[in-house]
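Student: sequence isn't available, so here's the structure alone:
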């Protein structure tokens, strides 16, 4: 996984980078609530200088889907 | 923020080590996750907070709290926050058991949006009839007044009310201003009515959110996606702008307002070096670009003086050159007499600042130091950590913006005393000179022609009384920081006597320089606070006041006994033996250095010769 992405996720949720896996999701991470979900979107947009659409924001269901969305912007 | 700073922040174990790192940060450069990181560490390392802030809103404003917490932390204030549930502002203020009430906030921020309060205005302004538009306006104003009254009644907090954001575009386009009832007027009138309805309440303050957000641009403050997803009306740019405006209020409420602006001269207050370019060569004045820069800068600084900020000079120059410059270049807004203290010599500036603090009797932690020279700034920064030293960029035309953005000089109110502060401090320096000339202490004191007035504090003076309670460090026996709500109670409640002390002398009017608060209980009069501004110290005024207090409380009519306490702080050493000197009996000495005193007979006391020559007026 992209190191920067893991760093952003870990900082937004306040957890160790080692604890972030592609499967990390609101289901298994207490801090991933709706407010932090929005903070994550803002932080990702800032870090990668991209703009996520509303559909994309709603399609982020775990770290893997987030990573895929970020990658799709990189092309 | 680089990786190392992040790591250092994360590894801090207490607030003071965290503060020592973050005070160097420029908050305007922090992104969302850096704000989160610092915010989390503030909460983690917090042993106790300086202020508790509760947020009430009808839009999603949860993310404002981290911004304000971090910005205020960078300014040395530790905030603990409570965010009320979305749209629950009324219930939160009404119910005795709500989260807000039980949080016991020091500050409540109320931020309502028209979108939530009156959606019709935002959606269908063009088709609403004029009567309805006015009715909506009145409804909003009366709601806010009601909320303000509730907050005052239910809490002892300061209430900060955001005004309303006028949309970036009008629904009628440019034709709006030709409409009978235009949208532009609707928002302006709403905000105007808010100012009028909240102005006279000493605990309620309007925050000009509409202007604070206009500074960064109304097109930049909302992320539409977040608005529709989560009713989040402000993005990180908007949050930062609003939080930095709120921080100005927080600084004033926390009593962190700076008192003294120390200024360099060459290339700071004027362009060029007077010692080299000559009196006629320095650049300041109207009519040419470089002159305009320094003219504008000096004009703003002169306004700071009007706001009660003491101006002083620290410049490496020959005194004659500087005196000649001020004498001849009369187009300069500032004159030499605008500076309460001057250190124009070749000594290191930090030495000058220390001696200046001593001469003015104010703490060096209330200094802001402005100098174009990075070496001078660096020296002061490294030797005097308490002094605020803003970085000045290369381009002098931006100095003014730096000063305007700086929140250090904010006060909740301006009083008449403020406008004359520099004169008062300068007069003090003059009195010091007279003291040297006359030599003999009592002769010196009589030569001053001091007139002291002691009277019951009046409601209209509450702002100055509050200033004395919140800002006096040295002559303050208990350092109890009573806020406006408590002061209101002291004035109204018969169990308390709150006295204000004013002084005039041959050199000028010192204004209200002291307060004494006495609580009466079971025939005993407790001196809760005895406070005097440092500029009135060393003139036996305190003895004269204490004689009045003794006369009043020991003659039997109000009380039979006086009880007083001295609570030591790092700064109130000057009053350590105050009660001993005034003839009180020490009855108890606490482990923490607290000392408790009693006095039962007015016969006992300091019959000081120094009191001669002071006239005293006891008013009601």
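Tutor: Received, thanks. No experiment lies behind these values; they were computed from the predicted model shown. Numbers count the residues shown, from 1 in each chain, chains lettered A, B, ... in the order given.

Student: number of nearby residues for residue B:378?
Tutor: Look at residue B:378: counted by other C-beta atoms under 10 Å in any protein chain shown, it has 12 neighbours. Any C-beta I mention is one placed from the backbone N, CA and C, and that applies to glycine too.

Student: and it, how close does it get to residue B:371?
Tutor: Residue B:378 is 10 Å from residue B:371, where distance means C-beta to C-beta, to the nearest Å.

Student: lowest confidence element among the helices and strands of chain B?
Tutor: Lowest on mean pLDDT, DSSP states H and E among the helices and strands of chain B sits helix B:421-438, with a mean of 67.

Student: tally of neighbours for residue 56?
Tutor: No chain in the question, so chain A it is. 20.

Student: let's do chain B instead
Tutor: Quick note: residue B:56 (other C-beta under 10 Å) scores 28 neighbours.

Student: what about it, which SS state?
Tutor: strand (DSSP: H, G, I helix; E, B strand; the rest coil).

Student: ok now do it, which residues does it touch?
Tutor: B:84, B:88-89, B:92-93, B:100, B:108-111 (C-beta atoms under 8 Å, 6 or more residues apart in numbering or on different chains).

Student: how about the helices in the stretch 201-350 of chain B?
Tutor: Listed in chain order, the helices of the stretch 201-350 of chain B (DSSP state H, counting those that start in this stretch) span B:209-216, B:224-230, B:236-253, B:274-277, B:289-306, B:319-328, B:349-360.

Student: now do residue B:450, the pLDDT please.
Tutor: Residue B:450 carries a pLDDT value of 86.

Student: quickly note the distance from it to chain A.
Tutor: Distance from residue B:450 to chain A, counting by C-beta to the nearest C-beta, to the nearest Å: 60 Å.

Student: what ranges do the strands span in the stretch 101-250 of chain B?
Tutor: Taking DSSP state E, counting those that start in this stretch to define them, one finds strands in the stretch 101-250 of chain B at B:107-111, B:158-162, B:204-207.

Student: so which of those strands is the most packed in?
Tutor: Ranked by mean neighbour count, the strands of the stretch 101-250 of chain B are led by strand B:107-111 with a mean of 26 (mean count of other C-beta atoms under 10 Å in any protein chain shown).

Student: so where's chain A shaky on pLDDT?
Tutor: A:75 (pLDDT under 70).

Student: with adjacent residues omitted, what lies nearest to residue B:509?
Tutor: Closest residue in space to residue B:509, ignoring its immediate chain neighbours: residue B:420 at 7.3 Å, by C-beta to C-beta, 6 or more residues apart in numbering or on different chains.

Student: which ones are touching residue B:558?
Tutor: By C-beta under 8 Å, 6+ apart, residue B:558 lies in contact with B:497, B:520, B:525, B:552.

Student: ramachandran angles for the third one?
Tutor: If I follow you right, that is residue B:525. Per-residue torsions, residue B:525: phi -100, psi 110 (degrees, to the nearest 10).

Student: confirm for me that it is in contact with residue B:556.
Tutor: No: under the criterion of C-beta atoms under 8 Å, residue B:525 is not in contact with residue B:556, lying 11.4 Å apart.

Student: re earlier: quick one: which of the contacts of residue B:56 is nearest residue B:542?
Tutor: residue B:108 (37.9 Å; C-beta to C-beta).

Student: OK, contacts around the closest one?
Tutor: B:53-56, B:100, B:151, B:155, B:157-160.

Student: quick one: which of the residues you listed is nearest to residue B:356?
Tutor: Distances from residue B:356 to these, taken by C-beta to C-beta, are shortest for residue B:158, at 32.8 Å.

Student: beta partners for the closest residue to the closest one other than its chain neighbours?
Tutor: Distance criterion C-beta to C-beta, 6+ apart; nearest residue to residue B:158, sequence neighbours excluded, is residue B:107 at 5.0 Å. Beta-bridge partners recorded for residue B:107 (DSSP bridges): residue B:53, residue B:158.
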